[in-house]
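> Kindly generate the corresponding structure for this input.
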Amino acid sequence: MTIIIEQPQFDVAVERKAAGDAAELVLDGGFAVPDSNAFGHTFRDYDAESERKKTVEEFYRSNHINQTYEFVKRMREGYGKLDKTEMGIWECIELLNEFIDDSDPDLDMPQIEHLLQTAEAIRKDYPDEDWLHLTGLIHDLGKVLLHPTFGELPQWAVVGDTFPVGCAFDECNVHFKYLKENPDYHNPEFNTKFGAYSEGCGLDNVLMSWGHDDYMYLVAKENKTTLPSAGLFIIRYHSFYPLHKHGAYMHLMNEEDNENLKWLHVFNKYDLYSKSSVRIDVEKVKPYYMSLIEKYFPDKLRW
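Modelled structure (predicted):
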């Protein structure tokens, strides 16, 4: 199978660091950010007039109204049982090929294309960090929640930017106006700066809006992946744009979160800006990624 993707230009990386050297991490691996997305607009421009605008805004309206603290607790408890099915990582990748993310203003192609272009762009600039290549490949696998086998959840409960629930919503959240219609917005237990949390409590102790990020994190962790802490952090928080783009909610982070955030900043460029139209021969790259899957995951995972 051959996938058509528009390739951004890559420069040769000047310096690379291993996962254990996050404190000295060079954030620019040589990746050149393209000027526009697949529709000719600025990336993550939610106001640009395009065929995607109405779909994206309606998505965020539903997402922001329904992502409450109680909803997230219920979803984590249910899906955290990992009793839906058993399958390998590559089987899951193939399941995603029929889905398009309604929250994304930059891309309207099946998900497998985004996974491969992210992973291959990272591999180009950071050839020695194989854990990061694999993280790029699997970071969105939680979107299988859209599939009937996993309950066929609505898009608002699977994709989109994530944010903490159980404390005040920051105004930097995309389409913040709809968060004012969320029941927790008016709940004095949850609408203060710290809400249900405390300063420096660590993001592990914070409930995030439910979706593919948190689900894939649970799958990876409970199936005892050997990915480093930074890989799990990237999987869980790659859609947490209020944090890694705007610096919001940092008062909830601990020291380990701050170290892992450096790697998330590296990853985010490839996740966001590699979305465009590069011929990737899936059968050619598949053996490499299968070797990484075998290295970091069991053959079959509980989902």
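
> Output the below-cut-off pLDDT ranges for the stretch 151-300 of the chain.
Applying pLDDT under 70 to the stretch 151-300 of the chain picks out residues 273-279.

> show me where it has helices.
212-222, 229-237, 241-244, 255-273, 282-296 (DSSP state H, counting those that start in this stretch).

> The longest one packs against which elements?
The reference is to helix 255-273. Packing partners of helix 255-273 (3 or more Cβ pairs under 8 Å, 6 or more residues apart in numbering; DSSP states H and E): helix 111-125, helix 130-138, helix 229-237, helix 241-244. (C-beta placed from N, C-alpha, C; glycine too.)

> Just want the angle from the second one to helix 282-296.
Taking axes from the mean of the first three to the mean of the last three Cα atoms, to 10 degrees, one finds helix 130-138 and helix 282-296 inclined to each other by 120 degrees.

> before we move on, the earlier item: right, so of the helices of the stretch 151-300 of the chain, which gets closest to Gln117?
helix 255-273 (8.5 Å; Cβ to Cβ).

> The closest one vs helix 229-237, what angle?
Here the directions of helix 255-273 and helix 229-237 differ by 60 degrees (the same axes, to 10 degrees).

> Run the chain-centre distance for helix 255-273.
11 Å (Cα atoms, centre = their mean, to the nearest Å).

> Spatially central residue in this structure, please.
Taking Cα atoms, centre = their mean, the centroid of the chain lies closest to His238, which sits 3.6 Å from it.

> Centre of this protein to the edge, which residue is at the far end?
Pro188 (29.9 Å).

> distance of it from Ala168?
Per Cβ to Cβ, to the nearest Å, Pro188 is found 11 Å from Ala168.

> cool, and Trp303?
33 Å.

> cool, and Leu116?
Distance of Leu116 to Ala168, computed by Cβ to Cβ: 38 Å.

> Likewise for Gly151?
Taking Cβ to Cβ, one finds Gly151 at 30 Å from Ala168.

> for Cys201, same thing?
In this view, Cys201 and Ala168 are 15 Å apart by Cβ to Cβ.

> Same question for Gln155.
25 Å.

> Tell me which of the two has more neighbours.
Gln155 (21 against 16; other Cβ atoms under 10 Å).

> That one reaches Phe59, doesn't it?
Yes - if you go by Cβ atoms under 8 Å, Gln155 and Phe59 touch, sitting 5.9 Å apart.

> which ones are touching Leu207?
69, 72-73, 76, 164-166, 196 (Cβ atoms under 8 Å, 6 or more residues apart in numbering).

> One more pass at 10 Å, please.
Counting by Cβ atoms under 10 Å, 6 or more residues apart in numbering, Leu207 makes contact with 67, 69-73, 75-76, 164-167, 195-197, 214.

> Met208 too?
Met208 neighbours (Cβ under 10 Å, 6+ apart): 67, 72, 76, 162-166, 214, 217, 236-237, 239-240, 249.

> which pair in those spans the largest distance?
Every pair of the contacts of Met208 checked by Cβ to Cβ; the farthest is Arg76 and Tyr249, at 18.6 Å.

> ok, the two, which is more surrounded?
Ranked by neighbour count (other Cβ under 10 Å), Arg76 and Tyr249 place Tyr249 first, with 22 against 15.

> what's the spacing between that one and Cys167?
Counting by Cβ to Cβ, the gap from Tyr249 to Cys167 is 8 Å.

> Cheers, nothing more for now.
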